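pasting the structure only:
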């Protein structure tokens, strides 16, 4: 039996679209957490920690979830040369990130957490799963004027690594090794499998 209530602990419209694409219309709760990178924290550990923290924040919010609800939270980051590329602080930062990615491979890591709210809720009585899905993306040697036009479009401003693979940057990509949905922001097939393993299938 499909679950009757899904909560997406993320304000990302890309994650919402990915869930809607498989027939899930979640309630959206945007957790407010500190997304600063910890000293010496790896990109994989970073997204795993943030996904878990977002889920925990949603579970602790009064009225955010009901008993039996499936709660999903996620975080995505881009890694190149061992460095985390988060969301650009301004257009100049976005251009600098895209110049680093141009003509090279990089890694995209998406951490996700899935839990089913028990009768205690509020971060106390729930069982869950946290996982990281990593993919390799290769950019073409994109002409600099194309990068400038992309930055001017405004799309990179709230994107990890300053690009949206499903948007205007689709033509920049030469190759993807891994889960394209994870690169966009949520590996829905894997999330669905985990929810089912917890006894609350999404669909």
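That came in fine, so what should we check first? All values reported here derive from a predicted model rather than from experimental measurement.

ok, now which ones touch residue 24?
6, 202, 203 (CB atoms under 8 Å, 6 or more residues apart in numbering). Bear in mind the C-beta positions are built from the backbone N, C-alpha and C, glycine included.

Same check on residue 17?
Per CB under 8 Å, 6+ apart, neighbours of residue 17: none.

Where does pLDDT dip in this protein?
The chain contains residues with pLDDT under 70 at 1-4, 62-64, 119-127.

For it, just list every one of the strands.
6-9, 27-28, 70-80, 83-85, 105-121, 125-139, 173-177 (DSSP state E).

out of these, nearest to residue 50?
strand 70-80 (3.8 Å; CB to CB).

Residues touching stretch 180-197, excluding its own?
Under CB under 8 Å, 6+ apart, the answer for stretch 180-197 is 3, 10, 12, 14-15, 18-19, 21-22, 70, 72, 74, 76, 108, 110, 112, 114, 116, 129, 131, 133-135, 137, 164-166, 176, 179, 201-203.

Pretty sure residue 135 sits against residue 175.
No. Counting by CB atoms under 8 Å, residue 135 stays clear of residue 175, with 10.4 Å between them.

which of these two has more neighbours?
Set residue 135 next to residue 175 and count neighbours by other CB atoms under 10 Å: residue 135 wins out with 19 against 10.

Tell me who's in contact with that one.
Here residue 135 is in contact with 107, 108, 176, 177, 178, 179, 180, 182, 183 (CB under 8 Å, 6+ apart).

would a markdown table of the residues you listed with neighbour count be doable?
Shown next, in a markdown table, are those (neighbours: other CB atoms under 10 Å):
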| residue | neighbour count |
| --- | --- |
| 107 | 19 |
| 108 | 27 |
| 176 | 15 |
| 177 | 11 |
| 178 | 16 |
| 179 | 18 |
| 180 | 14 |
| 182 | 26 |
| 183 | 28 |
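
Show me which pair in the residues you listed is furthest apart.
Largest pairwise distance in the contacts of residue 135, by CB to CB, is 14.2 Å, between 107 and 180.

Distance from the helix ranked longest in the chain to the middle of the chain?
Criterion DSSP state H: the longest helix present in the chain is helix 43-60. Counting by CA atoms, centre = their mean, to the nearest Å, helix 43-60 is centred 11 Å from the centre of its parent chain.
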